[in-house]
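Novice: no letters, just coordinates:
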Ligand SMILES: [Zn+2]
């Protein structure tokens, strides 16, 4: 995500970033041990409802025994809103679940806010899988963050019951928060059919068909989640960037920035691909639009959203920095995953660095002096508030989140370039990208690779920047 007006209050009157190799290819195919979702969804436009039937085939159990399965029901946060009042939806929303079955047998589910537990009729042993089916009714909020109905467009983010992650720490059911992106998911395969009203178009994580059609069948393998925008209001500009097709979706009111933002997206994708490694998917969509209070843009696999324009030192300009920020997340979050609630700096810090690097190299915007002030300011914040740059999402007050989690790690990566050279830093990111492609990485994985590639012990350097040690 990219925050609006991030840190400007803290740093005073600085014009600036609006806040918020090895080129190997790898396969994006079905058939490995990933969850497989099949969703059949009907959009009832007039009722603001998406009616769905979903089945999820679990990956085979690798070790231990599994007695239950957890799902995340994020649309439920839009009911009885308990977060900051500025982000309160004007019309509430939620998701209702019915007819839960496990391997064809009716089963009850326990729902507590955004967490649903489905008990398995018999424990799953090693090497076994199970198929969970259910019906759901999604009531779309108006003015919801990420999940939103706006005019003739439904932004469907976290719009189906999402399988929670189970790892060595157990099931992850971290609570929702309006600070940052409190989501964590693993690679899955999706087979999604949409039934939409006449004149609607479906823009999604998958490779889309660019025409209005009432029944749309989409498949996408090896992605962390599946987002879709159902709309009657958008038009598209498309261009190739290497082996990826880039689509820039705009409305009548944002047509004036469509061309410069498509250029930025095409160039940004190429810029990151050359430095970090090949982008493995065939298509990426950039959708211009408002997606919630305080959010300038948001990343999803194969699709990002962005505001059309941002204030800069030259006045109001096309939101190039937001578009390239969100696209950098295709590398840091999309392909290389992390637990965004536990270690948000890992994707936001590397993404903000990628964005600033693009703005410096391609847009000739030098933010180095500003980032030096970020370093000084964050030292002060650490001294007074005790907070570091590598904590859980929940530890940050909203107003400190951006500067500590986005900006200080970005400043750290520029300082690292001063210390070991740009070439080595690019090699670190490239190696990290290839070693953790389609996996979940942690801070210690990143540090280990950095030390290996640099051929020296950088741990004290990272500890100073991330944890304020020494
Ligand atoms: Zn971000």
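Specialist: Looks like it came in fine. All figures in this text were calculated on a predicted structure; none of them were measured in a lab.
Novice: so what's the nearest residue to residue 74 once chain neighbours are set aside up against?
Specialist: For residue 74, ignoring the flanking residues on the chain, the nearest one in space by Cβ to Cβ, 6 or more residues apart in numbering is residue 158 at 3.8 Å. Placement of C-beta: from N, CA and C, glycine included. Taking Cβ atoms under 8 Å, 6 or more residues apart in numbering as the criterion, residue 158 is in contact with 72, 74-75, 146-147, 183, 225.
Novice: now do 10 Å
Specialist: 72-75, 77, 95, 114, 138, 146-147, 176, 183, 185, 225-227, 300 (Cβ atoms under 10 Å, 6 or more residues apart in numbering).
Novice: write a PyMOL command that selects only the buried members of the residues you listed.
Specialist: Listed next is the PyMOL selection for buried residues among the contacts of residue 158, using 16 or more other Cβ atoms under 10 Å:
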select buried, resi 72+73+74+75+77+95+114+138+146+147+176+183+185+225+226+227+300
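Novice: up against the ion, what does the stretch 251-400 of the chain have?
Specialist: Neighbours of the ion within the stretch 251-400 of the chain, by Cβ under 5 Å from the ion: 348, 351.
Novice: what ranges do the helices span in the stretch 251-400 of the chain?
Specialist: Using DSSP state H, counting those that start in this stretch, the helices of the stretch 251-400 of the chain run over 258-276, 320-328, 344-361, 368-385, 398-401.
Novice: quick one: low-confidence parts of this protein?
Specialist: 4-31 (pLDDT under 70).
Novice: what about 90?
Specialist: Scanning the chain with the threshold set as pLDDT under 90 gives 1-33, 62-64, 168, 209-212, 290-295, 312-314, 366, 368, 470.
Novice: quick one on the thing from earlier: how about the secondary structure of the residue nearest to residue 74?
Specialist: coil (DSSP: H, G, I helix; E, B strand; the rest coil).
Novice: look up how far residue 176 lies from it.
Specialist: Separation of residue 158 from residue 176 (Cβ to Cβ, to the nearest Å) stands at 10 Å.
Novice: which neighbours do those two have in common?
Specialist: Joint contacts of residue 158 and residue 176 (Cβ under 10 Å, 6+ apart) are 72, 74, 77, 114, 183.
Novice: and the two most separated of the residues you listed?
Specialist: Maximum pairwise distance among those (Cβ to Cβ): 11.6 Å, between 77 and 183.
Novice: got any residues that touch both of the two?
Specialist: 146, 158, 176.
Novice: and the helix or strand where residue 118 lies, what other elements does it pack with?
Specialist: Residue 118 is part of strand 115-124 when elements are defined by DSSP states H and E. In terms of contacts (3 or more Cβ pairs under 10 Å, 6 or more residues apart in numbering; DSSP states H and E), strand 115-124 is packed against strand 66-72, strand 94-102, strand 105-106, strand 109-112, strand 131-139.
Novice: can you list contacts of it?
Specialist: With contacts defined as Cβ under 10 Å, 6+ apart, strand 115-124 is touched by 56, 58, 60-61, 64-73, 76, 95, 97, 100-103, 105-111, 128, 130, 132, 134, 161-162, 164, 171, 173-176.
Novice: verify the stated contact: residue 390 with residue 467.
Specialist: Yes. With contact defined as Cβ atoms under 10 Å, residue 390 counts as touching residue 467 (6.1 Å).
Novice: circling back to that earlier point, okay, the helices of the stretch 251-400 of the chain in a markdown table with mean neighbour count next?
Specialist: Shown next, in a markdown table, are these (neighbours: other Cβ atoms under 10 Å):
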| stretch | mean neighbour count |
| --- | --- |
| helix 258-276 | 21 |
| helix 320-328 | 30 |
| helix 344-361 | 25 |
| helix 368-385 | 15 |
| helix 398-401 | 16 |
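Novice: redo those as a markdown table? Include distance to residue 207.
Specialist: Formatted as a markdown table, the helices of the stretch 251-400 of the chain follow (distance: least, Cβ to Cβ, whole Å):
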| stretch | distance to residue 207 |
| --- | --- |
| helix 258-276 | 15 |
| helix 320-328 | 17 |
| helix 344-361 | 24 |
| helix 368-385 | 37 |
| helix 398-401 | 34 |
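Novice: can you say which of those is nearest to residue 335?
Specialist: Nearest to residue 335, of the helices of the stretch 251-400 of the chain and by Cβ to Cβ, is helix 258-276 at 9.0 Å.
Novice: run the chain-centre distance for that closest one.
Specialist: Using Cα atoms, centre = their mean, to the nearest Å, the mean C-alpha position of helix 258-276 is found 18 Å from that of the whole chain.
Novice: circling back to that earlier point, which neighbours do residue 390 and residue 467 share?
Specialist: residue 443.
Novice: which one's more surrounded, those two?
Specialist: Taking other Cβ atoms under 10 Å, residue 390 and residue 467 do not tie; residue 390 has more neighbours (23 against 14).
Novice: which one of the shared contacts of residue 77 and residue 183 is nearest the ion?
Specialist: residue 146 (12.9 Å; Cβ to the ion).
Novice: let me know the secondary structure of that closest one.
Specialist: coil.
Novice: now residue 67: how far from the ion?
Specialist: 36 Å (Cβ to the ion, to the nearest Å).
Novice: residues in contact with that residue?
Specialist: 119-120, 122-124.
Novice: what about residue 159, neighbour count?
Specialist: The burial count for residue 159: 25, using other Cβ under 10 Å.
Novice: for it, which non-adjacent residue is closest in space?
Specialist: Per Cβ to Cβ, 6+ apart, closest to residue 159 is residue 138, 5.8 Å.
Novice: test my guess that the one you found contacts residue 144.
Specialist: No. Using Cβ under 10 Å, residue 138 makes no contact with residue 144, being 11.1 Å away.
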